[in-house]
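1. Give me a 3D structure for the following:
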Amino acid sequence: QVVAAVEAAARLSGYRQAVLAWASPLAHADFGPAGVLMGYDFHLTEAGPRLIEVNTNAGGAFLNSLLARAQRACCASAGAAAEAPTGADFRARIAAMFCDEWRRQGRSGPLRRVAILDDLPEAQPLFPEFRLAQALLASQGIETLIGDPRDLAFDGTEVRLQGRPVDLVYNRLVDFALEEANHQVLRRAYEAGRLVVTPNPHNYAVLADKRNLTLLSDPERLRGFGLEPALVGVLQRAVPQTVLVTPQSATALWTDRRQWFFKPARGHASKAAYRGDKLTRRVWDEIQRAPYVAQAFAPPSVRRLQHQGEAVELKVDVRLYTYAGQVLLAAARLYRGQTTNLRTPGGGFAPVLVVADAET
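-> Numbering: from 1, shown residues only. All right, here's what the predicted structure looks like:
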């Protein structure tokens, strides 16, 4: 319901006008793609799920599909099932998603070749996932290359990687506005409409910029944009209050900092994000010099498990991987510390299993 409500808001012209006001100029053009594998991240609180943030190029879907298959095999006898399709169904839906992005940008004919792009891809912690994505798409008849955007060649008409023409880029970069020098060939091809890029700068601006949460948590603004009342209610219950950090709000936010979580407007992977009760004056001064939002703190749930023979408690968030508002897969991340990470011993990705209520 929350995913559907967010994406309904993102289709409204008033909402788009508001979010594009703080977006990069490159993000204003909408070439059609919806953005593959969006990530909606939740904390499960006593009062219900709370949407912490929305992410483009959300990592982990291919690894989590594999993990869910293993868990389904070992846990089926306990009456648990992985929440969302895996196996052949997942492979078919992923391939269909990329082909749909191809058509959304007005392309006809088959999607022949995809390039998965990231900076120094083999050095990325999730490089094994790139290989899984490559194998999955190949199994569905789509040739897939893995490369660095510095290795792209663009002659004004055709984009090539490793000497072969590229139809579509699965974008894993965290340079959401394609501003860095190493990404200028990709930017030129994207601007010229010669290359389908997904997720792209427009997807990020409309759905994933943290400043958008200030609108999604403001029922008055949502009603003003024309969002239907039932969906306003869904977002009012699920999205913690979020405000911009400005010179006008800074004093009050510092005074009440223990109630807030501070995030960079264009941040990713929990970098430079801080719980208010952990803030120092030095960090607070840095926050005020950059675009930041303050989000009402929604405590994560806790999961107890065994790690190396000892009982440990780890915090949990739940990620829904989606495409065009439809959930493709659910997964969880277990961690210690103030922000999600993939470094906690015994933590990391975990499958989400649905267990039938004993009373039903």
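
2. helix or strand right after the strand or helix carrying L132?
-> Assigned by DSSP states H and E, L132 belongs to helix 127-139. Where DSSP H and E defines the elements, the next helix or strand beyond helix 127-139 is strand 143-147.

3. Partner strands of the next helix or strand after that next one, with direction?
-> Using DSSP H and E, the helix or strand that directly follows strand 143-147 along the chain is strand 153-154. Strand 153-154 has its sheet partners listed here by DSSP bridges as strand 159-161 (antiparallel).

4. which residues are contacting the strand it pairs with?
-> Contact with strand 159-161 is made by 115, 145, 147, 151-154, 165-166, 185, 189, 194-195, as judged by CB atoms under 8 Å, 6 or more residues apart in numbering. C-beta coordinates here come from the backbone N, C-alpha and C atoms, glycine included.

5. Give the burial count for V232, as a bare number.
-> 19 (other CB atoms under 10 Å).

6. ok, now which ones touch the spatially closest residue to it that is not a sequence neighbour?
-> Leaving aside its sequence neighbours, V232 sits nearest to L222 (CB to CB, 6 or more residues apart in numbering; 4.8 Å). Going by CB under 8 Å, 6+ apart, L222 touches A9, Y15, L215, L216, L231, V232, L235.

7. Just the ones of the residues you listed in helices?
-> Using DSSP state H, the subset of those located in helices is A9, Y15, L215, L216, L231, V232, L235.

8. per-residue pLDDT, the last one?
-> When you say that, I think you mean L235. As summarised for this prediction, L235 has a pLDDT of 98.

9. just the one 5 residues further on next, same as before
-> According to the per-residue confidence, P240 scores 97 in pLDDT.

10. R266 too?
-> Per the predicted model, pLDDT is 80 at R266.

11. Quick one: neighbours of it, just the number.
-> Neighbours of R266 under the rule other CB under 10 Å: 20.

12. now do A330
-> Applying other CB under 10 Å, we find 21 residues neighbouring A330.

13. Just confirm it contacts V352, I think it does.
-> Yes: contact between A330 and V352 holds when scored by CB atoms under 8 Å: they sit 4.1 Å apart.

14. on that earlier part again, as TSV, the contacts of strand 159-161 with neighbour count would be great.
-> What follows is the contacts of strand 159-161, written out as TSV (neighbours: other CB atoms under 10 Å):
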residue	neighbour count
A115	27
L145	16
G147	17
D151	14
L152	23
A153	13
F154	19
P165	12
V166	25
V185	17
A189	23
R194	15
L195	23
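
15. mean confidence score for stretch 319-330?
-> Here the average pLDDT along stretch 319-330 is 95.

16. Break down the stretch 201-350 of the chain into its strands, ranges please.
-> Counting by DSSP state E, counting those that start in this stretch, the stretch 201-350 of the chain has strands at residues 242-244, 260-264, 274-275, 292-296, 301-307, 310-323, 326-335, 348-351.

17. could these go into TSV alongside distance to R172?
-> Converted to TSV, the strands of the stretch 201-350 of the chain look like this (distance: least, CB to CB, whole Å):
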stretch	distance to R172
strand 242-244	26
strand 260-264	19
strand 274-275	26
strand 292-296	24
strand 301-307	28
strand 310-323	14
strand 326-335	17
strand 348-351	17
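
18. Determine which of the ones you listed approaches L111 most closely.
-> Proximity to L111, assessed across the strands of the stretch 201-350 of the chain by CB to CB, is greatest for strand 310-323 (15.0 Å).

19. The one helix or strand V54 maps to - what's its average pLDDT?
-> Applying DSSP H and E as the criterion places V54 in strand 48-55. The average pLDDT within strand 48-55 is 95.

20. which other helices and strands contact it?
-> Judged by 3 or more CB pairs under 8 Å, 6 or more residues apart in numbering; DSSP states H and E, the packing partners of strand 48-55 are helix 2-10, strand 38-45, helix 212-216, helix 229-238.

21. and those, which is most packed in?
-> helix 212-216 (a mean of 24; mean count of other CB atoms under 10 Å).

22. Give me the distance between that helix and the centre of its chain.
-> Centre-to-centre, helix 212-216 and its host chain are 16 Å apart (CA atoms, centre = their mean, to the nearest Å).
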